[in-house]
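>>> Sequence first, then the predicted structure:
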Amino acid sequence: MNLEEVDRYYHKAMETFKVELDKIKISDIRTLKAVVSTYDSVLGQLGSWFESIDTYKNNKQDNELAILTITIKHERDGSTCKITDIALLRDNLVLLADYGNSKLRIFDTGNSTLVSNAKLQYTPWQMSVTEHGEAYVAYYGQPKILHLKSPATDLTTFREINVNGQCFAVECFNQTLKVQCVSPAKSIEVDEDGKQVRVINNDLSKETTENGEQFVTNPLWSTQDPATGSMYVSCISTHSITEIKSDGNVELFLKADKLNTPYGLCMDIDGSIIVCSYSSKDVFRVKRNGDIQSVLPQPLDFNPCTVAFDKRTRKLYVGGQSDTIYVFQI
């Protein structure tokens, strides 16, 4: 009689267990179906995006992948624009150095309009904008740097700073200016009045690899790591990028034929460098491990000279030998 009672309890327990198990299975199946449905939807959307990208690439519609294309040529310009630097000011304002027409221009990228422009005595090359909104502009190969107190509102009021060297690149760090010169390829530090504070490196062309190979002879562009103050310069002759540390030590960042005449460059938050390849009509992301990848859907229809990167919005501004500048979302 006891065994029969145990059997009854056993069979009742098993039936209850099976009922509860079926409920769990049904719930899990519904959850899995919902997950699979979501996955299929996402996969379908990705497939659609990939098809669109392939279509644009095959039709060479790179303008469709640029979120903005701005015509910068003014009706009074006598030459094709050659934008050698782009500086981000505030809001949607960008400051352009136009080597081709010896001008500085301010454009509002929000409505693609020219705000102001100013004709210069010499051709501008590279610029540096401080956290307070001031701008320093290196004249091409001249022993002078232009200082604009309020570039976002006034391009006509400025002062010239005399520098001992043929200037090309300038970076502002801790209220001093780091200036890159050529003939010789020296790096110097001057105060805001042009007085030389120190020589960071007397001649970069004397720097060699372990094999005795020169890796920087003609540095014309630079960018800066705001955290360390290191200055990174590109060399069009050796297809290289070199780091010049604040303590004066020089280290080869990367040397590769794929860079193919590297011009203007900027730094991303991960420490990688975004650089223009003038001869390839492309823009590359360069990592310290030697990895080089294009950041554009396809090469440009002009030779790029400069890039500027808004780390907050992830917008990449590209300019060069063209009457337009492109803005990409990367």
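Structure received. Numbering: from 1, shown residues only.

>>> who does the single longest helix found in the chain touch, helix- and strand-wise?
The longest helix of the chain (DSSP state H) is helix 2-58. Secondary-structure packing of helix 2-58 (3 or more Cβ pairs under 8 Å, 6 or more residues apart in numbering; DSSP states H and E): helix 62-65. For every residue, glycine as well, the C-beta is placed using N, CA and C.

>>> Tell me the helices and strands packed up against the helix or strand just after the helix it packs on.
For helix 62-65, the following helix or strand on the C-terminal side (DSSP states H and E) is strand 66-71. Strand 66-71 sits against strand 324-329, with contacts defined as 3+ Cβ pairs under 8 Å, 6+ apart.

>>> What are the buried residues along the strand it packs on?
Using 16 or more other Cβ atoms under 10 Å as the test for burial, strand 324-329 gives 324-328.

>>> just stretch 200-207 next, same as before
Under the neighbour-count criterion of 16+ other Cβ under 10 Å, stretch 200-207 has 200-201, 204-205, 207 buried.

>>> Give me the distance between it and the centre of its chain.
Relative to the centre of its chain, stretch 200-207 is centred 26 Å away, using Cα atoms, centre = their mean, to the nearest Å.

>>> got it, and stretch 35-49?
Centroid separation between stretch 35-49 and its chain, computed with Cα atoms, centre = their mean, is 32 Å.

>>> same check, this time on stretch 221-240
12 Å.

>>> What is the end-to-end distance of that stretch?
This stretch, stretch 221-240, spans 11 Å end to end (Cα to Cα, to the nearest Å).

>>> just to revisit the earlier point, and which of the buried residues of stretch 200-207 is nearest to Leu88?
Nearest to Leu88 among these: Ile200, at 25.7 Å, using Cβ to Cβ.

>>> and that closest one, that's in a strand?
Yes: assigned with DSSP: H, G, I helix; E, B strand; the rest coil, Ile200 falls within a strand.

>>> Can you find the helix or strand of this structure with the lowest average pLDDT?
When the helices and strands of the chain are scored by mean pLDDT, DSSP states H and E, helix 62-65 comes last with a mean of 49.

>>> For the stretch 151-300 of the chain, which segments count as strands?
158-162, 166-173, 176-182, 187-190, 196-201, 219-224, 231-235, 240-244, 250-255, 262-267, 273-277, 282-286, 292-294 (DSSP state E, counting those that start in this stretch).

>>> I'd say Ile292 and Val286 touch.
Yes: counting by Cβ atoms under 8 Å, Ile292 touches Val286, with 5.4 Å between them.

>>> Looking at the two, which has the bigger crowd around it?
Higher neighbour count among Ile292 and Val286: Val286, with 23 against 14, using other Cβ atoms under 10 Å.

>>> Quick check: that one vs Ser112, distance?
Distance, Val286 to Ser112, using Cβ to Cβ, to the nearest Å: 30 Å.

>>> Tell me which of the strands of the stretch 151-300 of the chain sits most buried.
strand 231-235 (a mean of 27; mean count of other Cβ atoms under 10 Å).

>>> Let me know the angle separating that one from strand 176-182.
Relative orientation of strand 231-235 versus strand 176-182 (axes from the mean of the first three to the mean of the last three Cα atoms, to 10 degrees): 20 degrees.

>>> Partner strands of strand 231-235, with direction?
strand 219-224 (antiparallel), strand 240-244 (antiparallel) (DSSP bridges).

>>> who's in contact with it?
Applying Cβ atoms under 8 Å, 6 or more residues apart in numbering, the contact partners of strand 231-235 are 169, 171, 178, 180, 187, 200, 204, 215-225, 240-244, 253, 259, 262-265, 267, 273, 275.

>>> what's the average pLDDT for it?
In this model, strand 231-235 carries a mean pLDDT of 96.

>>> returning to what we had before: in the buried residues of stretch 200-207, find the pair that's most separated.
Maximum pairwise distance among those (Cβ to Cβ): 14.4 Å, between Ile200 and Ser205.

>>> In the stretch 1-150 of the chain, where is pLDDT below threshold?
By pLDDT under 70, the weakly predicted segments of the stretch 1-150 of the chain are 55-66.

>>> Tell me, how many residues neighbour Thr109?
Applying other Cβ under 10 Å, we find 19 residues neighbouring Thr109.

>>> and if you look at Asp77?
Neighbour number of Asp77 under other Cβ under 10 Å is 16.

>>> Is it in a helix, a strand, or coil?
Asp77 is classified as coil under three-state DSSP.

>>> Please consider this matter closed, and thank you.
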